[in-house]
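Chemist: Show me the folded form of this:
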Amino acid sequence: MTIKAIITGATGMVGEGVLIECLNHPGVEQVLVINRRPGGVSHPKLREIIHNDYFELAGIEQQLVGYDACFFCLGVSSIALSQEEYRRITYDLTLNVARTLAKCNPDLIFCYVTGAGTDSSESGRVAWARVKGATENALMRLFKKSYMFRPGFMKATPGQKNVKSYYTWLAWLYPIGRTLYPAGFCTLQEVGRAMINAASRGYSKHILEVRDIVQLANA
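Modeler: Residues are numbered from 1 along each chain as shown. This next block holds a predicted model:
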């Protein structure tokens, strides 16, 4: 079985890593990326929609029909944002896209990149973790099949262009961290492969911590 996947956030570090895996994987037949700016990637499998407003998707709805999975890699850091603005981008924007995709593809499998430390109870002391938890919970209610990915420190894929500067500076820590604390370190190749495997064969858990991501990537 091959899948057709939509990727958001493909011009960011995580989304680019997932895109690379999808383009290289024989189990992915077609990829659609929704970008605010051109991603600069050309591939026979790849289609790109340039669209600035994720809160207004009516104009592109028909182009979103016919897909099996969404790998949602779009996100922002809570640093320097008010709680209201962070919730608007993280919760409101994500759910607006998700509801549109659910309407266009009722059986869609939704894979969401969230983060280690996300608060599923929505009642903890850390604001960003509560918002992420609320987003996860809403997505799991919306889709019959959804998977919340909680990666820790991620090693970029060779050849990536969109790598955060601090990941570049700290890349030397990865082999040490992977050895001493494997529950906190994975690669973007593993994240991408795990998403593809989740969409094509499923997984026993809806919330995937780092160990689950690595296990599913190698399944």
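
Chemist: center of this protein, which residue is that?
Modeler: Geometric centre of the chain, nearest residue: Cys73, 3.0 Å, by Cα atoms, centre = their mean.

Chemist: what helix or strand does Thr168 sit in?
Modeler: Using DSSP states H and E, Thr168 sits within helix 165-169.

Chemist: What residues sit buried inside that helix?
Modeler: The neighbour-count check on helix 165-169 (16 or more other Cβ atoms under 10 Å) flags Tyr167 as buried. (C-beta placed from N, C-alpha, C; glycine too.)

Chemist: what does the helix or strand following it rub up against?
Modeler: Counting by DSSP H and E, the next helix or strand C-terminal to helix 165-169 is helix 174-180. The contact list for helix 174-180 (Cβ atoms under 8 Å, 6 or more residues apart in numbering) reads Phe153, Lys155, Gly184, Phe185.

Chemist: Extract the CA atoms of helix 174-180 and return them as CSV.
Modeler: Below are the C-alpha coordinates for helix 174-180, written out as CSV (Å, rounded to 0.1, in the frame of the first residue of the first chain):
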residue,chain,number,x,y,z
TYR,A,174,23.9,14.0,19.8
PRO,A,175,26.0,10.8,19.8
ILE,A,176,26.7,11.3,23.5
GLY,A,177,23.0,12.0,24.3
ARG,A,178,21.8,9.1,22.3
THR,A,179,24.1,6.7,24.2
LEU,A,180,23.5,8.1,27.7
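
Chemist: Any chance of the backbone angles for Glu16?
Modeler: The phi and psi values for Glu16, taken as degrees, to the nearest 10, are phi -70, psi -40.

Chemist: Flag the shaky bits of this structure, pLDDT-wise.
Modeler: Residue ranges of the chain with pLDDT under 70: none are present.

Chemist: all helices for it, in order.
Modeler: Here the chain has its helices, by DSSP state H, at 13-24, 83-87, 94-104, 127-142, 165-169, 174-180, 188-201, 210-217.

Chemist: Could you dump the ones you listed into TSV with distance to Gly159 added?
Modeler: Formatted as TSV, those follow (distance: least, Cβ to Cβ, whole Å):
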stretch	distance to Gly159
helix 13-24	7
helix 83-87	31
helix 94-104	28
helix 127-142	29
helix 165-169	14
helix 174-180	16
helix 188-201	11
helix 210-217	19
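
Chemist: circling back to that earlier point, which residues touch the residue nearest to the centre of the chain?
Modeler: Ile7, Thr8, Gly9, Ala10, Gly12, Val14, Gly15, Val18, Val113.

Chemist: most residues in a single strand of this protein, which one?
Modeler: If you go by DSSP state E, the chain has its longest strand at strand 28-35.

Chemist: Looking at this structure, which residue reaches furthest from the middle?
Modeler: Note on the chain: the largest C-alpha distance from the chain mean falls to Leu180, namely 26.0 Å (Cα atoms, centre = their mean).

Chemist: Is there a neighbour count for Arg141? I'd like the number.
Modeler: Applying other Cβ atoms under 10 Å, we find 8 residues neighbouring Arg141.

Chemist: now do Leu216
Modeler: Other residues close to Leu216 by other Cβ under 10 Å number 24.

Chemist: Next, the buried residues of the longest strand of the chain.
Modeler: Val28, Gln30, Val31, Leu32, Val33, Ile34, Asn35.

Chemist: on contacts alone, who are the packing partners of it?
Modeler: strand 3-8, helix 13-24, strand 46-50 (3 or more Cβ pairs under 8 Å, 6 or more residues apart in numbering; DSSP states H and E).
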